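A.B. asks: 3D, please:
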Amino acid sequence: MQTEQIELTKPQPDRTDPSGYLVCERKEIYALLMFSAGMMGAYTYNLRGGVFCNAQTANVVLMSIALGRGNLQEGLYYLIPISAYCLGAFLSEALPSPVKRLGFLRWDTYLIAFEMIVLFLVGLIPLSVPHHVVQVMINFIASMQYNTFRQMEGIPMATTFCTNHIRQVGIALAKAIRKRDKKAAKRGLVHVGMILCFFLGGTILTIACLYLAGKAIWIALIPTGIVLARLIYADLVVEHDQLWQKPSGH
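C.D. replies: Have a look, this model is predicted:
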């Protein structure tokens, strides 16, 4: 009862940024995350088995095809990446509350630090190792990132794949033409920008794979490192008195 009373009497924070959004919700943070996600997708496709590990639709389809053809062992394998993705979503939903009670850094910040560690370790794994190992690792962190970063400045948004961004561009275009909706047009341009960030990340990483092979994924540490620096500064300095506040969409 006492805890509930404390939560109810907490004053609304004074936003440092006039936009009224936390740093972890800012447009530049989401652009960098899309940029790094494009790199992860290109990396696993080019060097780690020719698959995209940022989402799971393809794995569900491949599992159904394999089972439909009677390939039981191959079909059951896909339960591994699907389970890793599910586990990532579970942990990213369960951990924020206990992390918040520590009163040091946000869950979002810890996640990006963990993601960087995983990407660094991936770069150390030889290409001779079965690709499934790396695929599952990318599945896991992509799921956690997708579930953690949900809204960019009030706009629902995915940070690991482009399907919804493309859909939103089509919706915005229709509203802009039919209703002369300038707000919808601006929102559509935001989604176009996110698609371009993903595309650019994939292009750069594909080129890097030609020269750096398995270690090319380390280039993704640049955008994620910038995100981590921004989040740590916000948590320790700018928004330290707002650590209890949940980002939009949670």
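A.B. asks: I'd like the next helix or strand past the longest helix anywhere in the chain.
C.D. replies: Counting by DSSP state H, the longest helix found in the chain is helix 182-212. Using DSSP states H and E, the helix or strand that follows helix 182-212 in sequence is helix 221-233.
A.B. asks: now that following helix, how far from the chain's geometric center?
C.D. replies: Here helix 221-233 is found 13 Å from its chain centre; the criterion is C-alpha atoms, centre = their mean, to the nearest Å.
A.B. asks: Then stretch 110-121?
C.D. replies: 12 Å.
A.B. asks: outside of it, which residues touch it?
C.D. replies: 40, 92, 99, 137, 140-141, 144-145, 148, 217-218, 220-221, 224-225, 227-228, 231 (C-beta atoms under 8 Å, 6 or more residues apart in numbering). For the C-beta atoms, the positions are set from N, CA and C on the backbone; glycine is no exception.
A.B. asks: what are the phi and psi values for Gly49?
C.D. replies: phi 100, psi 0 (degrees, to the nearest 10).
A.B. asks: Ramachandran coordinates for the residue nearest in space to the middle of the chain?
C.D. replies: Geometric centre of the chain, nearest residue: Gln145, 3.3 Å, by C-alpha atoms, centre = their mean. Main-chain torsions, Gln145, degrees, to the nearest 10: phi -70, psi -40.
A.B. asks: residues touching it, list them.
C.D. replies: Contacts of Gln145 by C-beta under 8 Å, 6+ apart are Leu33, Ala37, Leu111, Glu115, Thr159, Thr160.
A.B. asks: Is the last one in a helix, a strand, or coil?
C.D. replies: Counting by DSSP: H, G, I helix; E, B strand; the rest coil, the backbone at Thr160 sits in coil.
A.B. asks: What sits closest to Ala220 if chain neighbours are left out?
C.D. replies: Met39 (4.2 Å; C-beta to C-beta, 6 or more residues apart in numbering).
A.B. asks: Selecting buried members of the contacts of Gln145 in PyMOL, what would you type?
C.D. replies: Restricted to buried positions by 16 or more other C-beta atoms under 10 Å, the PyMOL selection for those reads:
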select buried, resi 33+37+111+115+159+160
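A.B. asks: Taking the contacts of Gln145, tell me the two that lie furthest apart.
C.D. replies: Greatest spacing in these, by C-beta to C-beta: Ala37 and Leu111 (13.6 Å).
A.B. asks: What's the separation between the spatially closest residue to Asn46 that is not a sequence neighbour and Ala84?
C.D. replies: Once flanking residues are discounted, Asn46 sits nearest to Cys209: 4.7 Å by C-beta to C-beta, 6+ apart. From Cys209 across to Ala84, the span is 23 Å (C-beta to C-beta, to the nearest Å).
A.B. asks: and if you look at Leu127?
C.D. replies: In terms of C-beta to C-beta, Leu127 sits 20 Å off from Ala84.
A.B. asks: re the thing from before, give me every residue that touches the residue nearest to Ala220.
C.D. replies: Contacts of Met39 (C-beta under 8 Å, 6+ apart): Gly201, Gly202, Ile204, Leu205, Ile217, Ile219, Ala220, Pro223.
A.B. asks: Which of the helices or strands spans it?
C.D. replies: Applying DSSP H and E, one finds Met39 within helix 27-47.
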